[in-house]
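Engineer: Whatever this is, show me its structure:
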Amino acid sequence: MLMIYEMTQTSKAAALFEGWEETMILSCIQGIMGRIYTTDPPVSAMAVLGDFAFFAGRVSRELISFKPKDCTQDFMIMVGQNEEWNNTIVEHYGTKATVVSRYAFQKKPDVFDRKKLMHAASSLPDRLESDLIDEQIFHLCKANRWSADLVSQFKDYEEYRRLGLGVVIHKGPEIYCGASSYSRYHGGIEVEIDTREDHRRQGLAYACGARLILECLKRNLYPSWDAQNPWSAALAHKLGYHYSHTYPAVEIHGY
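Structural biologist: Numbering: from 1, shown residues only. Below is the predicted model:
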């Protein structure tokens with residue numbers, strides 16, 4: 001049976017993930033956020049960040065079945081480097097596994113129409129405001145289940161202040177929509193957008209996403225977007241992103 005261990009020199013996993021344009025993998029390899037687990041010998045690797053696990057190298061059932069000790073969630077999105085990885089994940093988890101389609105976008109920083117984004121960011125319904133996530137808003141986001149993922153990968157506000165960036169649309173202490181960094185890597189963030197259920201289909205995600213993109217561009221950060229559904233993909237296109245490809249992922253319920 002292969003031994004699984006956490007890599008301390010995460011940059012050594014880069015060769016296994018070579019050619020994979022996924023910023024959460026970069027976060028792990030660069031040692032900024034997330035962790036990388038590998039086999040002994042290191043011919044397979046798993047990059048884990050939040051609800052995501054990415055598998056590369058030689059297919060390893062031991063790695064697929066491995067759950068880090070500090071992982072308390074019962075849901076995980078697993079993405080294999082190839083079809084063999086994904087098929088093995090489905091085979092291992094059985095009825096707990098659901099294959100879904102996700103949508104990747106080209107990482108081109110010069111495609112955004114700033115004037116259009118500025119107009120979108122300022123197009124808010126009456127009495128609603130847009131603000132950057134500060135310490136008070138950080139804690140408000142954490143306190144609500146629907147908005148927690150806007151800041152959930154940062155252990156505290158100090159870490160978010162240092163690594164994160166986000167925007168919310170609100171009325172006083174009531175937050176209705178947020179666009180923030182799910183994760184951070186050198187040169188950019190992975191975008192997370194959430195809207196409170198009773199305020200969807202009002203253009204808030206469009207306005208919030210537009211402002212976050214503008215704030216990223218001001219700071220020379222790239223706002224990477226990966227869509228989990230057609231609605232998110234359509235919003236990305238509206239904001240100026242260029243579609244790259246659709247790829248399979250496996251959602252594990254009861255992880």
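Engineer: Now do the helices in this protein.
Structural biologist: 23-29, 61-65, 83-93, 114-122, 135-143, 157-163, 204-218, 230-239 (DSSP state H).
Engineer: Please identify which of those helices is closest to Val43.
Structural biologist: Nearest of those to Val43, taken as CB to CB: helix 61-65 at 10.1 Å. Just so you know, the C-beta spots here come from the backbone N, C-alpha and C atoms, and that holds for glycine as well.
Engineer: just to revisit the earlier point, determine which of the helices of the chain approaches Glu251 most closely.
Structural biologist: When those are compared by CB to CB, helix 83-93 sits nearest Glu251, at 9.7 Å.
Engineer: what residues does the closest one touch?
Structural biologist: Residues outside helix 83-93 that contact it (CB atoms under 8 Å, 6 or more residues apart in numbering) are 55-56, 59, 61, 64-65, 78-80, 97, 99, 248, 250, 252.
Engineer: just to revisit the earlier point, give me whichever of the helices of the chain is most buried.
Structural biologist: Greatest average neighbour count among those goes to helix 23-29 (a mean of 25), per mean count of other CB atoms under 10 Å.
Engineer: and it, average pLDDT?
Structural biologist: Per-region confidence: helix 23-29 scores 98 on mean pLDDT.
Engineer: Let's see it as PDB, backbone CA atoms only.
Structural biologist: Provided in PDB are the C-alpha atoms of helix 23-29 (Å, rounded to 0.1, in the frame of the first residue of the first chain):
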ATOM      1  CA  THR A  23      -5.200  29.000 -10.500                       C
ATOM      2  CA  MET A  24      -6.100  27.000  -7.400                       C
ATOM      3  CA  ILE A  25      -3.400  24.500  -8.300                       C
ATOM      4  CA  LEU A  26      -0.900  27.400  -8.600                       C
ATOM      5  CA  SER A  27      -2.000  28.600  -5.200                       C
ATOM      6  CA  CYS A  28      -1.000  25.200  -3.800                       C
ATOM      7  CA  ILE A  29       2.300  24.900  -5.800                       C
END
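Engineer: Rebuild the helices of the chain as JSON lines, extending it with distance to Pro42.
Structural biologist: Shown next, in JSON lines, are the helices of the chain (distance: least, CB to CB, whole Å):
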{"stretch": "helix 23-29", "distance to Pro42": "13"}
{"stretch": "helix 61-65", "distance to Pro42": "11"}
{"stretch": "helix 83-93", "distance to Pro42": "16"}
{"stretch": "helix 114-122", "distance to Pro42": "43"}
{"stretch": "helix 135-143", "distance to Pro42": "36"}
{"stretch": "helix 157-163", "distance to Pro42": "27"}
{"stretch": "helix 204-218", "distance to Pro42": "34"}
{"stretch": "helix 230-239", "distance to Pro42": "34"}
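Engineer: Out of the ones you listed, the one nearest Gly172 is which?
Structural biologist: Closest of the helices of the chain to Gly172 is helix 135-143, at 10.5 Å (criterion: CB to CB).
Engineer: Show me what the closest one packs onto, helices and strands only.
Structural biologist: For helix 135-143, the packing partners by 3 or more CB pairs under 8 Å, 6 or more residues apart in numbering; DSSP states H and E come out as helix 157-163, strand 166-171, strand 174-185.
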